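Peer 1: Structure for the following, please:
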Amino acid sequence: MPDSTVNAISFGKYLTLLREMVPDTVDLYACDTTGCLIAADDNNSQQTTENNIIIEIKLLSGLLCIPGDTFLCPNEKKHYLIPVCSTLDEPIAYLVAVLNDNSESNEEHISNLINQSFATVVSCIEKEYQLTTELDAMASELACRYEELNLVYETTDSITDSRDEYNALSDLIEKYVEHLDVDMIALAFPKQERIFSASNANATVPEAYEIVHNLSQSYLQQAVATDNCLVINDFTDLQRNKYDLHIPCKLMACPVLNSRGDVNGILVCINDFRRPDFYNSDKNLLHAMSKKVGKIVQSNYDIMTGLINQHAFKTVIQDAIKSSRRKGLFHCVLNIDIDNLKVINETLGRDAGDFIIRSVADILQNKLRSADTVCYMGEGRYGALLDQCNIDQGMQVAESLRKLIQESTFTWKDKPAETSITIGVGLIEPHTQKFDEVLEAAEMARDAAKEIGYNRIHVYRQNDDGFASRKDHLQWVTRIQQALRHDDFAVFAQTISPVAPTDESYHFEVLLRMLEKDGSIIPPGKFIPPAEQFSLMPIIDRWVINKTLEILSSRGFAQQPGEGIVSINLSGQSLTDNELTDYVIDLINKYRIAPECICFEITETAAIHDTTSAYNIFRQLKSRGFKLSLDDFGTGLSSFSYLRDMPVDFLKIDGSFVRTILEDNVTSAMVASINHVGHVMGIKTIAEFVESDEIITALKHIGVDYLQGYAIAKPADLPNYLSELRSSNSALAG
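Peer 2: Residues are numbered from 1 along each chain as shown. Coordinates of the predicted model:
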């Protein structure tokens with residue numbers, strides 16, 4: 001019995017209790033099974049040590065064979081020896097009572113009293129010993145489990161490079177083998193044909209890999225979407241036949257689930273039949289390990305599709321680039337995009353879109369070779385590396401994938417969800433240097449295919465002028481994003497002058513410019529096209545609105561209805577921004593701007609392209625008190641046909657008409673027609689690009705309401721423009 005458990009018991013309190021229960025005793029003390037003193041009552045005589053030595057001698061010499069016997073010491077005092085036993089009825093200590101030989105009490109009465117008192121106290125001591133033993137065992141078990149779990153959880157699962165995954169998994173199973181002293185542990189991923197294993201240096205498992213292979217094939221098929229562990233300790237266990245395991249060994253297995261909850265791997269522990277059985281504690285640890293393995297693996301995999309993510313794909317591409325340079329190999333990279341995912345999300349719901357994403361992922365993974373790699377990049381886009389594949393072969397594979405998706409039938413809740421994919425094809429060659437170059441090439445090829453039309457394939461070629469232009473646009477995207485972050489844009493103002501006197505104190509249009517580091521101005525023709533191509537205009541529009549209202553508020557403009565008009569442009573891409581109106585209203589309230597002073601302006605081309613969205617956002621803004629303007633009017637084939645449905649306040653006649661009004665009678669007639677129709681509908685007209693006094697005279701003759709252009713005023717920085725406007729208004733008032 002462990003001495004530490006016996007020594008943990010406070011025998012002194014029990015001896016004090018016995019002293020009160022049996023007052024006729026001279027000495028009370030406790031000793032261990034060898035007779036060594038453990039504790040003595042504080043009221044004992046000075047002979048305690050001598051008595052203890054006598055008991056020790058008698059116990060060691062075997063003279064006290066039956067605990068509970070009485071005996072006489074040389075001092076003629078009677079000793080009672082009562083054992084304290086464990087749950088196995090083995091003595092762990094003795095309680096000793098020395099009687100007072102001068103006692104007048106009946107000896108039989110004293111003996112009974114001692115037996116009864118000692119029995120009660122001994123029962124309490126034995127119970128404390130039992131509880132202490134159980135608590136010690138539990139503490140030991142918890143310490144062991146804590147150590148095991150530390151082995152699991154101290155293994156890193158923050159994997160940013162897929163190469164680290166191998167090291168993390170190998171480290172985990174090696175620690176497990178060493179800690180549990182099992183013969184072997186293996187981690188298998190059958191689909192990827194990967195096996196990690198570690199063996200005990202002092203043990204060998206015959207045909208271990210055959211066991212792992214057979215089990216991974218049969219067990220994974222029957223353990224679909226479950227995380228139950230398999231434990232086989234008995235050679236006669238019927239589960240051996242179920243899983244085709246005929247090799248004599250003890251084993252334990254637990255499936256590894258991927259991010260979608262599907263079984264894609266197995267963790268196996270193997271022991272020789274002469275080794276101890278696997279218990280629940282072992283099973284629990286293996287289950288914790290499988291969770292850890294899943295987390296390590298999932299750090300490189302997408303949750304929705306189960307495919308590797310962009311971080312892991314980067315490593316795959318980098319390795320392919322190295323192999324291409326070292327061995328002169330060619331590899332193809334595909335950038336794949338689901339064409340109408342947005343439509344599916346809007347018509348059938350986002351769950352349907354997710355279903356399409358997963359279905360396409362499964363088709364791509366099953367269609368390509370095991371040597372190829374597919375990743376999910378998000379938003380319905382995939383990347384694929386075709387290993388050792390030239391450009392012609394890559395085109396053939398891309399075409400087969402495109403055709404397969406097009407011909408596949410996708411059904412969501414009994415509703416068909418037709419879809420297709422557009423694919424850009426790039427090439428890794430021996431001279432390829434950077435990961436970004438490869439993905440950029442495939443992405444530009446995909447975007448080029450989308451510009452031609454959906455459900456297509458396009459190949460990146462370096463001497464293609466279109467790709468050069470797209471690359472230039474990509475560089476502008478970075479500059480635009482930096483300008484938004486660092487406030488490197490500026491708002492300018494250009495006067496819109498009334499032909500006849502009005503009650504307005506001002507009327508101008510806000511224009512956007514980008515600033516170079518030296519303060520010089522970059523014209524919008526440089527950065528607007530790339531911003532439109534890469535869908536950055538809604539962000540830019542919001543920046544312009546916020547900046548304009550902030551400046552107006554700080555200078556005290558646009559505070560009262562009717563004081564003037566400030567025209568702000570909206571891009572066609574902002575028409576689909578469902579939260580734009582709320583955003584504008586929040587800013588109006590924040591800066592205390594009068595909505596009647598703000599006019600939002602959109603081009604006719606954008607309005608015709610998405611009439612429904614244009615009408616909706618115009619209606620929302622109009623209902624909040626804002627004014628509306630239709631820019632570049634007259635360029636559409638059916639400009640007048642939809643005008644009656646648009647609740648606009650101003651028509652801006654397209655500048656191409658205004659510039660040639662003096663040279664072409666037809667153009668002059670069109671300007672007059674637009675102006676007339678506008679007036680009939682109660683809409684004010686604005687002529688833009690007014691660049692000479694002669695054009696001003698012609699436009700006044702036609703009866704246009706407002707003029708805008710260099711002949712009226714050049715654009716100026718908005719804060720300075722407002723300062724001059726304030727000064728001129730003050731002078732007029734004075």
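
Peer 1: For burial, what's the neighbour tally of Arg240?
Peer 2: Neighbour count for Arg240, taken as other CB atoms under 10 Å: 17. For the C-beta atoms, the positions are set from N, CA and C on the backbone; glycine is no exception.

Peer 1: wait, Gly294
Peer 2: 22.

Peer 1: pretty sure it contacts Val256?
Peer 2: Yes. With contact defined as CB atoms under 8 Å, Gly294 and Val256 form a contacting pair (5.3 Å).

Peer 1: Let me see the backbone angles for Ala288.
Peer 2: Torsion angles at Ala288 (phi, psi; degrees, to the nearest 10) stand at phi -60, psi -40.

Peer 1: Just give the number of residues close to it.
Peer 2: Counted with other CB under 10 Å, Ala288 comes out at 17.

Peer 1: Over to Ser728?
Peer 2: Residue neighbour count, defined by other CB under 10 Å, stands at 12 for Ser728.

Peer 1: Could you do Ala483 as well?
Peer 2: Ala483 has 18 neighbours, counted by other CB under 10 Å.

Peer 1: Next, the contact list for it, please.
Peer 2: When contacts are counted by CB atoms under 8 Å, 6 or more residues apart in numbering, Ala483 is found next to Phe489, Met514, Leu515, Phe527.

Peer 1: Need the nearest residue in space to Gln388, chain neighbours excluded.
Peer 2: Spatial nearest neighbour of Gln388, excluding adjacent residues (CB to CB, 6 or more residues apart in numbering): Leu329 at 5.5 Å.

Peer 1: ranges for the helices of the stretch 451-600 of the chain?
Peer 2: Counting by DSSP state H, counting those that start in this stretch, the stretch 451-600 of the chain has helices at residues 465-486, 524-533, 537-555, 580-591.

Peer 1: I'd like to know which of those is closest to Val6.
Peer 2: helix 465-486 (72.2 Å; CB to CB).

Peer 1: picking that back up, residues touching the residue nearest to Gln388, list them.
Peer 2: So Leu329 contacts Ser323, Gln388, Pro430 (CB under 8 Å, 6+ apart).

Peer 1: Now name the helix or strand holding the first one.
Peer 2: Mapping Ser323 onto the secondary structure by DSSP states H and E places it in helix 310-327.

Peer 1: need the helix or strand of this protein with the lowest average pLDDT.
Peer 2: None of the helices or strands of the chain scores lower by mean pLDDT, DSSP states H and E than strand 70-72, at a mean of 45.

Peer 1: What average pLDDT does whatever helix or strand comes next after that one get?
Peer 2: Counting by DSSP H and E, the next helix or strand C-terminal to strand 70-72 is strand 78-85. On average, the pLDDT along strand 78-85 is 80.

Peer 1: Beyond strand 78-85, next helix or strand please.
Peer 2: Following strand 78-85 in sequence order, the next helix or strand is strand 91-99 (DSSP H and E).

Peer 1: That next one to strand 78-85, inter-axis angle?
Peer 2: Orientation note: strand 91-99 sits at an angle of 160 degrees relative to strand 78-85 (axes from the mean of the first three to the mean of the last three CA atoms, to 10 degrees).

Peer 1: List the buried residues for strand 91-99?
Peer 2: Within strand 91-99, the residues that count as buried by 16 or more other CB atoms under 10 Å are Ile92, Ala93, Tyr94, Leu95, Val96, Ala97, Val98, Leu99.

Peer 1: show me what contacts the second one?
Peer 2: Going by CB under 8 Å, 6+ apart, Ala93 touches Val6, Phe11, Ala30, Cys31, Asp32, Thr33, Ile38, Pro83, Val84, Ile125.

Peer 1: List just the nearest of the residues you listed to Tyr243.
Peer 2: Closest approach between the contacts of Ala93 and Tyr243, by CB to CB: Val6, at 48.8 Å.

Peer 1: pretty sure the closest one is touching Thr132, no?
Peer 2: No. Taking CB under 8 Å as the definition, Val6 is not a contact partner of Thr132, at 9.0 Å.

Peer 1: More neighbours: which of those two?
Peer 2: Higher neighbour count among Val6 and Thr132: Val6, with 21 against 16, using other CB under 10 Å.

Peer 1: Helices of the stretch 301-450 of the chain, start to end?
Peer 2: For the stretch 301-450 of the chain, applying DSSP H, counting those that start in this stretch gives helices covering 310-327, 341-348, 350-367, 391-407, 435-452.

Peer 1: Check which helices and strands the second one sits against.
Peer 2: So the one you mean is helix 341-348. Packing partners of helix 341-348 (3 or more CB pairs under 8 Å, 6 or more residues apart in numbering; DSSP states H and E): helix 350-367.

Peer 1: contacting residues around the helix it packs on?
Peer 2: Outside helix 350-367, the residues that touch it by CB under 8 Å, 6+ apart are 260, 304-307, 336, 338, 341, 344-345, 374, 376, 380, 382, 384, 400-401, 404-405, 408, 410, 412-413, 415, 417, 419, 421.

Peer 1: Just the ones in strands from those residues, please.
Peer 2: Secondary structure assignment by DSSP state E places Ile336, Ile338, Val374, Tyr376, Tyr382, Ala384, Trp412, Lys415, Ile421 of the contacts of helix 350-367 in strands.
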